[in-house]
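pasting the structure only:
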């Protein structure tokens, strides 16, 4: 069974540009989560999808970030326009049931560098 | 709010040494507790978990016991190997499904 995949693995962009990150969860997993780790800080929750619906987006830092999960399969996270402080590693995770009942499986992450 | 505090790294040990990475948490209610590991160039992997007080999670020779009285979930391994070199994250999951992570502890094992 394929794990969670993320694309691209690395992205280097200039301040003010737009970047779109993609996450493909494990097949059949209704729950999809985005997290990010800014340099030297903790990995922080961004948002949680249940199928195509946003269950919790309390961790989204501001309105420059837009997450979608059309059709309840893969998800995209767009940053527009990117700022220097957006640099970090963005992780995606998926689970079949809610986190307390099931393991969240993480992807390898996308390392974003904003110059 | 909920939080996780783990010992700062890096931790450097010789092969076959005993490992302890301390982790304490603050949470309302009864969270589930986790240790995740990130090997070089790879994503986060669940190492072990415990869902209630006094549970012991174990995997690959690592163990951690959910201690409610001390709000701790320390990671231990009796004899580390070079292949255990990685970053280890203590984490909890509360009622709202978010995972809250500690800052991570980088472990270096010398041959």
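All right, it came through fine. None of these values were measured; they are calculated from a predicted model.

Tell me which residue is most central in chain A.
residue A:34 (3.3 Å; Cα atoms, centre = their mean).

Quick check: beta-bridge partners of it?
For residue A:34, the beta-bridge partners are residue A:47, residue A:92 (DSSP bridges).

show me what contacts it?
Under the criterion of Cβ atoms under 8 Å, 6 or more residues apart in numbering or on different chains, the contact partners of residue A:34 comprise A:23, A:45-47, A:67, A:75, A:77, A:90-93. C-beta: built from backbone N, CA, C; applies to glycine.

Would you reformat those residues as CSV and include distance to residue A:10 and pLDDT?
Formatted as CSV, the contacts of residue A:34 follow (distance: Cβ to Cβ, whole Å; pLDDT from 0 to 100):
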residue, distance to residue A:10, pLDDT
A:23, 15, 97
A:45, 23, 94
A:46, 19, 96
A:47, 22, 95
A:67, 20, 97
A:75, 19, 97
A:77, 15, 98
A:90, 11, 97
A:91, 14, 96
A:92, 15, 96
A:93, 19, 94
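
Name the member of those residues that has the highest neighbour count.
Of all the contacts of residue A:34, the most densely surrounded is residue A:92 (29 neighbours; neighbours counted as other Cβ atoms under 10 Å in any protein chain shown).

residues of stretch A:103-115 that come out buried?
A:103-110, A:112, A:114 (16 or more other Cβ atoms under 10 Å in any protein chain shown).

Say whether chain B is contacted by that stretch.
Yes - on the criterion Cβ under 8 Å from any Cβ of the partner chain, stretch A:103-115 is in touch with chain B at A:103-109.

All the strands of the chain, in order from the start?
I went with chain A, as the question did not name one. For chain A, applying DSSP state E gives strands covering A:5-7, A:10-13, A:19-24, A:31-37, A:43-50, A:53-56, A:65-68, A:75-79, A:88-95, A:105-106, A:110-114.

please go with chain B instead
Under the criterion DSSP E, chain B contains strands at B:3-6, B:11-14, B:19-21, B:23-26, B:32-38, B:44-50, B:56-59, B:62-65, B:75-77, B:86-93, B:99-101, B:105-110.
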